[in-house]
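Visitor: Compute the structure for the input listed below.
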Amino acid sequence: MTADLAGTATRIRVDLDERGYDVHVGPGVRRLLPELVAGLGAGKAAVVTARPPEVLPNLGVPTLVLTARDGEHDKTLSTVESMCRRFAEFGLTRSDVVISCGGGTVTDSAGLAAALFHRGVPVIHLPSSLLAQVDASVGGKTAVNLPEGKNLVGAYWQPKAVLCDTDLLATLPERERINGYGEIARCHFIGAGDLRGRSLPEQIAASVALKASVVAADERDTGRRHLLNYGHTLGHALERATDYALRHGEAVAIGTAFAGRLAAELGRIDQRRAAEHEEVVRHYGLPWRLPTEVRTERLLELVRLDKKATSGLAFVLDGPDGPDLVQDVPEPVVTGVLAAMPRG
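Guide: Residues are numbered from 1 along each chain as shown. This next block holds a predicted model:
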C-alpha cells in the first residue's frame, strides 16, 4: 500500500499483470475520475449511479447518466438488459467507459453490463456504501440474482480502477453503515488480523489489501479465493430466506458467528476461538442470532444451492492451520448447530 493525494489517501494495487489496477481509499478520491477517464482515452462515459449525479466531478466527455437503486431486488438480468439498451442508444463503444456509483448492487449489475456490452467495456467503480468499498467493488466478480439463487449469473470483469471515497460514507443511514462492518468482521478470521480500534479508513484499506492479495493469487476462484466467502454460505441463504429483509453484511455476520460454532462442533477450533467469532460480530454492532421466523429446513435447502457445494454441504471454516474450504460437512451436524443457535 502507498499514500497518494498529498498523503490523505491510500493506494492499493491489485496485481493481475495487464489486468491489474489501483484501489484508492480516502477522502475526496473521486476527484481522480476525470484523469482516469482521460487516461483510458474514452470519448464517452455512461454513469450508473444510485447517488445524486452532482456527487461526481465533470468527466470532460459526453456523459449518459442512468439512475439506479441500491438493493437486491434490482439486481436482475432485466436491470442489466435495460442498462445495455441505454448504452446502445447512447452509442457507447468498447473504447469508452462505464462508471458505477452506488452500493454493491450497483457495482455488481453495472459491472456485469460493462462485461457483456460489446463483449467488454472498461469500467470504473466508485462505491458509495461501506459494504461496497470493503468488498463488492474489488476483485472483478460481477453477478445478478435469479429467483432460484443469489449471484447465479455473472462474469469476471476487472475494473480499470476503484475509488473508495470515504467522504461518501458520511451520509449513510446508521443501519447501512453497520451493515458494511459485516465484511470487515469476517476479515478478522481470514488474515486481516484484529481491526477493532483502528480508524474506518484503515479498516477499509486493510480489508481491501487482504482481498487484493487473495485475488492476485486466485483471480478465478479455483483455490484460495474461497476464503473470501467466510460466513457467506449461510449468509446468502439467510438473505434469500428473508427475501433480503436481512442485508448482506448483516447476514454474513450471522454466518460468521455460525461458522465459529460449526468449526468447533467439527473439532477444528476450540470453544474460545468459537466464542471470538460472536465477540467480533457483536463488537461491530452486527446481528449474531438467527431470525425467529426462518426455518432450519429452509436454510438447509438454500445452503445446498451454494456454488461451492460440489458434493454435500460445504463451508469455509476456521481450523488449526487457518481457514479452509471444508466439503461434505455432515448434514445432521449442520442441522444441530443451526438448532442450537440463539434466535431473535
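Visitor: mind listing what I254 touches?
Guide: When the contact criterion is CB atoms under 8 Å, 6 or more residues apart in numbering, the partners of I254 are G231, L234, G235, L238, L246, V281, L286, P287, W288, R289, L290. Using the backbone N, CA and C atoms, a C-beta is placed for each residue, glycine as well.
Visitor: I misspoke; the intended subject was R225.
Guide: G139, V214, V215, A217, D218, E219.
Visitor: closest to A257 among those?
Guide: When those are compared for distance to A257 (CB to CB), V214 wins out at 22.2 Å.
Visitor: roughly how far apart are that closest one and Y284?
Guide: 21 Å (CB to CB, to the nearest Å).
Visitor: What of G20?
Guide: Taken as CB to CB, the spacing of G20 relative to Y284 amounts to 31 Å.
Visitor: swap in F117?
Guide: F117 sits 37 Å away from Y284 when distances are taken as CB to CB.
Visitor: Next, D70: secondary structure please.
Guide: State at D70, reduced to three classes by DSSP: H, G, I helix; E, B strand; the rest coil: coil.
Visitor: circling back to that earlier point, more neighbours: F117 and Y284, which one.
Guide: F117 (23 against 19; other CB atoms under 10 Å).
Visitor: what's the more buried one in contact with, if anything?
Guide: By CB under 8 Å, 6+ apart, F117 lies in contact with M83, C84, F87, A88, L92, R94, V98.
Visitor: following the helix or strand of the chain with the lowest mean pLDDT, which helix or strand shows up next?
Guide: Least confident helix or strand of the chain, by mean pLDDT, DSSP states H and E, is strand 2-4 with a mean of 51. Proceeding N to C from strand 2-4, the next assigned helix or strand is strand 9-14, under DSSP states H and E.
Visitor: Who are the packing partners of that following strand?
Guide: With contacts defined as 3 or more CB pairs under 8 Å, 6 or more residues apart in numbering; DSSP states H and E, the packing partners of strand 9-14 are strand 2-4, strand 21-26, helix 200-217.
Visitor: what is the rounded mean pLDDT of it?
Guide: The average pLDDT for strand 9-14 rounds to 94.
Visitor: what does stretch 275-292 give?
Guide: 98.
Visitor: and among the helices and strands packed on strand 9-14, the most buried is which?
Guide: Ranked by mean neighbour count under mean count of other CB atoms under 10 Å, the helices and strands packed on strand 9-14 are led by strand 21-26, which reaches a mean of 23.
Visitor: for the stretch 151-300 of the chain, what spans make up the helices?
Guide: When assigned using DSSP state H, counting those that start in this stretch, the helices of the stretch 151-300 of the chain occupy the ranges 174-187, 200-217, 232-241, 248-265, 271-283, 296-303.
Visitor: Please tell me how far the shortest one is from the chain's geometric centre.
Guide: What separates the centre of helix 296-303 from the centre of its chain is 23 Å, taken as CA atoms, centre = their mean, to the nearest Å.
Visitor: What's the mean pLDDT across that helix?
Guide: Predicted confidence along helix 296-303 averages 94 (mean pLDDT).
Visitor: Can you list the buried residues in it?
Guide: L299, L302, V303 (16 or more other CB atoms under 10 Å).
Visitor: L126 versus the spatially closest residue to the last one that is not a sequence neighbour, what's the distance?
Guide: Just to be clear, that refers to V303. With sequence-adjacent residues excluded and distances taken as CB to CB, 6 or more residues apart in numbering, V303 is closest to A237, at 5.0 Å. Separation of A237 from L126 (CB to CB): 30 Å.
Visitor: low-scoring stretches of the stretch 151-300 of the chain, by residue?
Guide: Along the stretch 151-300 of the chain, the model assigns pLDDT under 70 to no residue.
Visitor: can you give me the end-to-end distance of stretch 112-130?
Guide: Across stretch 112-130, the terminal residues are separated by 21 Å (CA to CA, to the nearest Å).
Visitor: what do you get for stretch 70-83?
Guide: As for stretch 70-83, its first-to-last residue distance stands at 15 Å under the measure CA to CA.
Visitor: For stretch 49-68, output the C-alpha coordinates as CSV.
Guide: Presented in CSV, the C-alpha positions along stretch 49-68 are these (Å, rounded to 0.1, in the frame of the first residue of the first chain):
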residue,chain,number,x,y,z
THR,A,49,-25.5,5.9,-10.1
ALA,A,50,-27.6,5.5,-7.0
ARG,A,51,-26.3,8.8,-5.7
PRO,A,52,-27.1,12.3,-7.0
PRO,A,53,-25.2,13.0,-10.3
GLU,A,54,-23.6,16.1,-8.8
VAL,A,55,-21.6,13.8,-6.5
LEU,A,56,-19.3,13.1,-9.5
PRO,A,57,-17.0,15.7,-10.9
ASN,A,58,-17.3,16.7,-14.6
LEU,A,59,-15.7,13.9,-16.6
GLY,A,60,-14.8,16.1,-19.6
VAL,A,61,-16.6,13.9,-22.1
PRO,A,62,-20.2,13.4,-23.2
THR,A,63,-21.9,11.6,-20.3
LEU,A,64,-25.0,9.4,-20.1
VAL,A,65,-26.4,9.3,-16.5
LEU,A,66,-28.5,6.3,-15.6
THR,A,67,-30.4,6.4,-12.3
ALA,A,68,-30.0,3.2,-10.3
